Every structure is written in structure tokens, then in C-alpha cells.
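> here is my input; please provide its structure:
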Amino acid sequence: MNFLMQSTVPGEAPSGVERSAASVLSRLTPREQQVAWLVSYGETSKSIGRELGISFRTVEVHRAKIMTKLGVHSLAELVRLIGRWPTPEPSRHPLPGSQA
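Here you go, the predicted model:
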């Protein structure tokens, strides 16, 4: 069954895919998670920098670290992997880890 079609029922143990996604997500810092989500939404490094109040170059460094930590070699692989992550809570969407 496709992960995106699965629903998590409160009180049930998370599936293997959900545990795996959480494990991958935990490898990233909160700022890297923010950058990863924005990349997955198709934002450019320049627009991510403006959104987060950081420089374009800092965004590029975060992107490189994300790809290294997650073992992906292309933007397409990164977006596909992010698509398996649990959807952020609405109050934090699309910036997990931010102080909303």
C-alpha cells in the first residue's frame, strides 16, 4: 500500500514506513527540516532565504547537508523522500520546527 494512502489512527502503533520516515526526519536539524519542506514545495534557494531571513548561500549549505545526511543525489530523490514524511501540523505548515 502506498504510504500517502495510509492513515494513522490515534492509539495504533506507527507503521514501518512511518517509523522510517520519523527516523530520517530526526537526522535533520529543525532549520534543515524547514529548508527541506520548502524545497519540496518547489521554492528556490533565493525565495527560501527571504522566507527564513537567511542568505541564499546559507540555504545552499543547508540543502547540501540535507542531501548528504539523507543519502540522496538529486533534487527529485529528495522530493520523493520528503513526500513520505508525516505531514506537518497545520499550525507549523510548511515550516516544521518553527515557532509559530
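
> contacting residues for Lys46?
When contacts are counted by Cβ atoms under 8 Å, 6 or more residues apart in numbering, Lys46 is found next to 56, 59. (C-beta placed from N, C-alpha, C; glycine too.)

> let's see 7 Å
With contacts defined as Cβ atoms under 7 Å, 6 or more residues apart in numbering, Lys46 is in contact with Phe56.

> name the helix or strand for it, please.
Per DSSP states H and E: Lys46 is located in helix 45-52.

> and the next element down the chain from that helix?
Downstream of helix 45-52, the next assigned helix or strand under DSSP H and E is helix 56-70.

> any idea of the mean pLDDT for whatever helix or strand comes next after that next one?
Sequence order places helix 75-82 as the next helix or strand after helix 56-70, per DSSP H and E. Throughout helix 75-82, pLDDT has a mean value of 87.

> who are the packing partners of helix 75-82?
Packing contacts for helix 75-82, counted by 3 or more Cβ pairs under 7 Å, 6 or more residues apart in numbering; DSSP states H and E, involve helix 30-40, helix 56-70.

> tell me which of the ones you listed sits most buried.
Mean neighbour count (mean count of other Cβ atoms under 10 Å) peaks for helix 30-40 among the helices and strands packed on helix 75-82, with a mean of 21.
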